[in-house]
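[1] Here is my input; please provide its structure:
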Amino acid sequence: MRTLPCLALAALLLSGCGLAAAPAPEVPAPQTAPQPPAPPAEAAWDASELTQRLNVLINDTDPGSPDWAKAQAEIVRRTANATLPGDLRMVVNQLAAFDPPRLADRWRAHQSAQDEDAELYARNLPVNTDAVSGARVVRRLGPALYLIRLPGGDTALFRSTRRLKNNARLKGVPAMEQPRPKPDPAKGDLVDEMDEEARTFVELSRADVRRLRAERAPVEARLREQDSRRERLTREIRDELDRLDGLARSVNEVIGPRLLQRRTPPSTAALIRKVGRMARTWSREQYYRYAVPVTGRPAVDAVLKDFLEERRGEVQDLLRSTGVGRGRMRANSDTIAFRSFTAAPRLLSIRFEELRDTGGAHPNQAYAGFTFDLGAQTQLGLSDLFGDLPAALSLLSELAGRRMDLVMGGAPFPEGYAPKVENFAVFVLDGGDLVVTFPPYQVASFAQGPQTLRVPLSHPRLQPLLRPAFLDLLAAGPAQDAAAPAKAPRHKHKAKAHRK
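    Below you'll find the predicted structure:
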């Protein structure tokens, strides 16, 4: 208890002597660096703005480009808190979950596999040990040399230790062809002289055949692996395209009616009254069989009938030059079916699909497209759809090139989709889409089949080119039935008087 007074006295003495403790200096408060102003919040897009953005993304942006992924992310971000109609919200959710296809990478891998396969095959060419099977011995030229005639008709030399008789047919004799000598420019050899030398085959022993097969086995296994790789890549490319096309269909079904006024059409069965037949058969290999759509509108039916009559005339001309009747070896058959489409109550499109066989390596496929205004009974061409036809053809050519890159990794024949009317002549109007068909050999080989380009009429760069008259057709109601005029009713009393 005495400690406190002592401490107080000590403090008093120290203060008197000037030795009191100085007060602690004040520490200034830390100054924070000025923060940059926060960016303004992005305004959410309404249904109209979203529709325009979806149109550009789905119909006018290359799916393999960085722009596609950037636009996809922006649409999802700007509509996250927006109030949207249910159908638009559904396609936005579908877009948010969509992984853009990497088709360019897959096509490069596919081409690399093909190149490796071709290189491996060229380095290890197979040996045909059945090369002389079916050949006939012409005569003996020496102790172990014969002149033979191959099944194709060519003559060749055959070295064998067997004793063969003239006119004997070679069966089950393993042999291989000896490579021809290569021309030596230093000796003055000419390529033509080397080619004129007779082909020479040498008989193989069973041991030789087993050795060749053993040497070939690793190559065959590698080739099978390459085939499996290409088939897998082909399936993946097809699946990627199906996903992309499915997204495009879903989005366009929602945004199309918002962008382009179009009256809902009836089914094509309501526009085609019946399907007729044009057919004649001379033999199993010689015939024509055509399906004829009949609309009941004289001018429309005349155009379709004239097209089929022209095709029938071509078949008949072929038969006049090759002969008609049973037992003829050459085939001359022609089959034509059709598919119908509609985009509005007054618009009907017919696409004829022809399969003609004239005895070649494979039948030929051909297509023809017709689009009619049923009210006026007139056929519509591309110039009736677009006011600025050159601009429309240029755009269609650009979109066709982009589509061929997706479907085939590029088109072997780019001139087939150059901006020319004839390249896009086979078109139909299917719902809200313009559908162009490219037959085999136009943009690709026969093995790759026909190719199709589908472009929505509401495409952001195509819609401004549509003619006002065509827009009126899309929005017009059903055309009046222009079939045969109705007969005047007959009155009963006149009929009775006539019978009297």
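[2] what pLDDT, on average, does the longest helix along the chain get?
    Using DSSP state H, we find that the single longest helix of the chain is helix 206-259. Averaged across helix 206-259, pLDDT comes to 93.
[3] can you check stretch 466-476 too?
    Mean predicted confidence for stretch 466-476 is 95.
[4] Where does pLDDT dip in the stretch 1-150 of the chain?
    Scanning the stretch 1-150 of the chain for pLDDT under 70 picks out 1-42.
[5] which residues of it fall in helices?
    Counting by DSSP state H, counting those that start in this stretch, one finds helices in the stretch 1-150 of the chain at the ranges 3-16, 47-60, 66-78, 86-96, 103-123.
[6] most neighbours per residue, which of the ones you listed?
    Comparing the helices of the stretch 1-150 of the chain by mean neighbour count (mean count of other C-beta atoms under 10 Å), helix 47-60 ranks first with a mean of 18. For glycine as for every other residue, the C-beta is placed from the backbone atoms N, C-alpha and C.
[7] Tell me the gap between that one and the middle of its chain.
    24 Å (C-alpha atoms, centre = their mean, to the nearest Å).
[8] Kindly export it (C-alpha atoms) in CSV.
    Extracted in CSV, the C-alpha atoms of helix 47-60 (Å, rounded to 0.1, in the frame of the first residue of the first chain):
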residue,chain,number,x,y,z
ALA,A,47,-35.3,-9.7,-77.1
SER,A,48,-34.9,-7.6,-80.2
GLU,A,49,-31.1,-7.0,-79.7
LEU,A,50,-30.6,-10.7,-78.8
THR,A,51,-32.4,-11.8,-81.9
GLN,A,52,-30.1,-9.8,-84.1
ARG,A,53,-27.0,-11.0,-82.3
LEU,A,54,-28.1,-14.6,-82.6
ASN,A,55,-28.8,-14.2,-86.3
VAL,A,56,-25.2,-12.9,-86.9
LEU,A,57,-23.6,-15.6,-84.7
ILE,A,58,-25.5,-18.6,-86.0
ASN,A,59,-25.9,-17.7,-89.7
ASP,A,60,-23.0,-15.4,-90.5
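[9] Give me the contacts around that helix.
    With contacts defined as C-beta atoms under 8 Å, 6 or more residues apart in numbering, helix 47-60 is touched by 45, 68, 71-72, 74-75, 79, 82, 84-85, 88, 91-92, 95, 247-248, 251-252, 255, 258-259, 455-456, 458-461.
[10] and the angle for that helix with helix 206-259?
    Put simply, helix 47-60 runs at 150 degrees to helix 206-259, going by axes from the mean of the first three to the mean of the last three C-alpha atoms, to 10 degrees.
[11] what's the angle between helix 47-60 and helix 86-96?
    Going by the same axes, to 10 degrees, helix 47-60 makes 40 degrees with helix 86-96.
[12] didn't residue 479 look like it was pressed against residue 372?
    No - Residue 479 lies out of contact with residue 372 (C-beta atoms under 8 Å); the separation is 9.8 Å.
[13] Of these two, give the one with the bigger neighbour count.
    residue 372 (23 against 20; other C-beta atoms under 10 Å).
[14] Relative to the whole chain's centre, how far out is the helix or strand hosting the more buried one?
    Assessed by DSSP states H and E, residue 372 sits inside strand 364-373. Centroid displacement of strand 364-373 relative to its chain, using C-alpha atoms, centre = their mean, is 18 Å.
[15] just the strands in the stretch 351-500 of the chain please.
    Taking DSSP state E, counting those that start in this stretch to define them, one finds strands in the stretch 351-500 of the chain at 364-373, 378-379, 427-430, 433-438, 451-456.
[16] In this structure residue 467 contacts residue 386, no?
    Yes - assessed by C-beta under 8 Å, residue 467 is found in contact with residue 386 at 6.5 Å.
[17] Between the two, point out the one with more neighbours.
    residue 386 (21 against 15).
[18] Show the contacting residues for that one.
    Residues near residue 386 by C-beta under 8 Å, 6+ apart: 392, 465, 466, 467.
[19] Give me the subset of those that lies in helices.
    Among those, the members falling in helices (DSSP H) are residue 392.
[20] Out of the contacts of residue 386, which end up buried?
    392, 465, 466 (16 or more other C-beta atoms under 10 Å).
[21] quick one: the residue nearest to the first one when sequence neighbours are not counted from residue 126, how far?
    The one in question is residue 392. Nearest residue to residue 392 in three dimensions, chain neighbours excluded: residue 386, at 3.9 Å (C-beta to C-beta, 6 or more residues apart in numbering). In this view, residue 386 and residue 126 are 54 Å apart by C-beta to C-beta, to the nearest Å.
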